[in-house]
Structures are given as structure tokens and as C-alpha cells.
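K.L.:
model the structure of this input:
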Amino acid sequence: MSWRPRTAPLFEPHVLHAVARSALGLSHEKMVRHVSEELARLYPGHIETRPNWMLSLAGGVMGIMTVLHGSLSEYVLIFGSPVGSEGFSGRYRIEIHDFMLAGEMWTYTESEFAERRVYRAGDAAFLARREAKGVRIFEDAWMLEYGRGPVPTVLPFGLSGALASFELRTIARTIGVYGRLVVRELLRGKI
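P.N.:
Okay, the predicted model is just below:
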């Protein structure tokens, strides 16, 4: 039997959304533990269950995240902020799904700017490839985020705020955690 890499997506948005909805109303610590443990049960060997929180600053949006899965073609993380933030979503070659765990997020796009779109706990937001949004997350807003596509193409924008402020620790931690998870997935045959 020859080694063949897995190129099909591992994660399905509707499954991730169901997991996010199952964590609604839990305290922050219990919510994070429930989401990571449930995903580890559903996707054995592909989920990092130990939280490793690191700052994230991109497009003016500052928050904190812990990466649950990282590969060349997909990522899953929990992102949010206890104080809120707003800025530019970025425009990517990947699609991004955000499943609200707690709090509230507002968005608008170039084509839908007359009214904000409001996402609350239990809701799902979607950012298609090559689209962008203005985004505002309120205090204590947390989401399970899933990205699908060529993930390394996201890194320049994802690290842009840290690069601009010469925040070397954030850059090193982000690349180190993501790189470790990518290697782990490659060794399992997942691209």
C-alpha cells in the first residue's frame, strides 16, 4: 500500500456549527474545553486540545486565539476578545466560516453596506473567497472559526498587525504553533 496524501477537506461547516451551538451558554473555560473535546472526539488525531492562547492583530482587529487544527488546506481556531474590537476582515484566497459561541459580531460588505448584519451566539457568518467585510466584535464575543483553502496565503495578512508593530513574540508564536500543527498533519498524510 502506498502513502497518499489526503486532499479532500476533513471538516464540514455544518458539523462545526453544531459543535459551536452545543457550547452555547457555557462559561468561557467550559466552552473552550467542550468545543475542543467534542472536535477531538469527532476528528480523532486532528485537534489540539490544549489551549495555547496568543494575540492576533490583523486589519485593525485585535483579539486572542487558540488554534485547534492547522494544515496546509484547513484551520480551526477559537477567536474572540473580552474587550471588543473592529476593523477590516481581509480579502483571502480561502473561505472562512465563523460560528458564534458567545457575544455579538456586526459586519458589512461593499455590496451590502446600508445595513449591518448582526450575528449572535449560535449564528454562522461566512466570508467567501476574495470578498472582504468591515467587522466589529463586541466585548466577550467568541467564535469558532474555520478556514478552507490555501491557508499559508492567509499568513501575510494574519501577521500584518504584528509585523507593522514589530511584535516578534506574536509572530514567532503564531508561526511556531501553526508550523507544528502542519507538520503533524503532513505526517498523518493530510495536506
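
K.L.:
per-residue confidence averaged over the longest helix along the chain?
P.N.:
The longest helix of the chain (DSSP state H) is helix 168-187. For helix 168-187, mean pLDDT is 96.

K.L.:
stretch 41-58 now?
P.N.:
Averaged across stretch 41-58, pLDDT comes to 96.

K.L.:
tell me the contacts of the residue most central in space within the chain?
P.N.:
Central residue of the chain (C-alpha atoms, centre = their mean): E145, 3.2 Å from the mean position. E145 sits next to 65, 75-79, 96-99 when contact means C-beta atoms under 8 Å, 6 or more residues apart in numbering. In short, each C-beta sits where N, CA and C put it, glycine included.

K.L.:
by contact count, what packs against the longest helix of the chain?
P.N.:
strand 54-58, strand 61-70, helix 155-158, helix 160-164 (3 or more C-beta pairs under 8 Å, 6 or more residues apart in numbering; DSSP states H and E).

K.L.:
recalculate using a threshold of 7 Å.
P.N.:
Applying 3 or more C-beta pairs under 7 Å, 6 or more residues apart in numbering; DSSP states H and E, one finds that helix 168-187 contacts strand 54-58, strand 61-70, helix 160-164.

K.L.:
list the buried residues in it.
P.N.:
Buried residues in helix 168-187, counting neighbours by 16 or more other C-beta atoms under 10 Å, are found at 170, 173-174, 177-178, 181-182, 184-185.
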